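Novice: Sequence and predicted model, in that order:
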Amino acid sequence: MKRRTLLHSLALLGPLALLSRTASATSDAEPGAQAIIPLDKPHQDWRPLLSPAAYAVLFEEDTERSGSSPLNDEHRDGTFVCAACYLPLFDSASKFDSGTGWPSFTQPLAGHVGLSRDFKLILPRTEYHCARCGGHQGHRFDDGPAPRGERWCNNGVALRFIPKTETLPALRS
């Protein structure tokens, strides 16, 4: 295919991808799970509360460099919370070493993430974000360990780890 034809085709897919992403936003909530009330806070209001790297990942959907997160080597009991609003997203029991260079989990806490389709690499992927502040966390893949077979690949800079010996921080509004 000629470069011009390819670029033209991609330009036509852009609006379709946005429509698809908006239309497919869902939550992973299980029946009986407590509903998370989304915050009505503009993204730019998070900027002074976060590092530039965390803001870029959470609210501009950037990706941190593979292998750069200290959370890759975090093996204590505890909870991984959203770096912006502190909503608990993952229990440490669900963390595993995927060999990808990003913190990976077998499943999130029920109802604490939302899902959408991402077409940034042309092929569709399942993106997930914090159900409370909407911050981008990472992508879910179907190549994880049994029994669920899921790999929730997270940007470490989008998370904060709270050891079991410490109290979870109050949710940030």
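Specialist: Cool, got the structure.
Novice: Run through the residues that contact the residue sitting nearest the centre point of the chain.
Specialist: With distances taken as Cα atoms, centre = their mean, Gln137 lies nearest the centre of the chain, 1.9 Å away. Counting by Cβ atoms under 8 Å, 6 or more residues apart in numbering, Gln137 touches 58, 82, 89, 113, 128-130, 154-155, 158-159. No exception for glycine: its C-beta is placed from N, CA and C like everyone else's.
Novice: neighbouring strands for the helix or strand containing it, and are they parallel or not?
Specialist: Assigned by DSSP states H and E, Gln137 belongs to strand 136-141. Paired strands of strand 136-141, with direction, are strand 125-130 (antiparallel), strand 151-154 (antiparallel) (DSSP bridges).
Novice: Quick one: distance of the last one to the chain centre.
Specialist: In other words, strand 151-154. Its chain's average C-alpha position is 8 Å from that of strand 151-154, according to Cα atoms, centre = their mean, to the nearest Å.
Novice: what angle do the next helix or strand after that strand and strand 125-130 make?
Specialist: Next in sequence after strand 151-154, counting helices and strands by DSSP H and E, comes strand 159-163. When axes from the mean of the first three to the mean of the last three Cα atoms, to 10 degrees is applied, the directions of strand 159-163 and strand 125-130 differ by 60 degrees.
Novice: How far off centre is strand 159-163?
Specialist: That offset, for strand 159-163, works out to 15 Å (Cα atoms, centre = their mean).
Novice: remind me which residues of this structure are low pLDDT?
Specialist: Along the chain, segments meeting pLDDT under 70 span 1-34, 119-122.
Novice: Tell me where it has helices.
Specialist: For the chain, helices defined by DSSP state H occupy the ranges 3-23, 52-60.
Novice: got the angle for the shortest one vs strand 136-141?
Specialist: For helix 52-60 and strand 136-141, the angle between their directions (the same axes, to 10 degrees) works out to 70 degrees.
Novice: So what touches helix 52-60?
Specialist: Residues outside helix 52-60 that contact it (Cβ under 8 Å, 6+ apart) are 43, 46-47, 50, 62-64, 82-84, 130, 133, 135-137, 155, 157-158.
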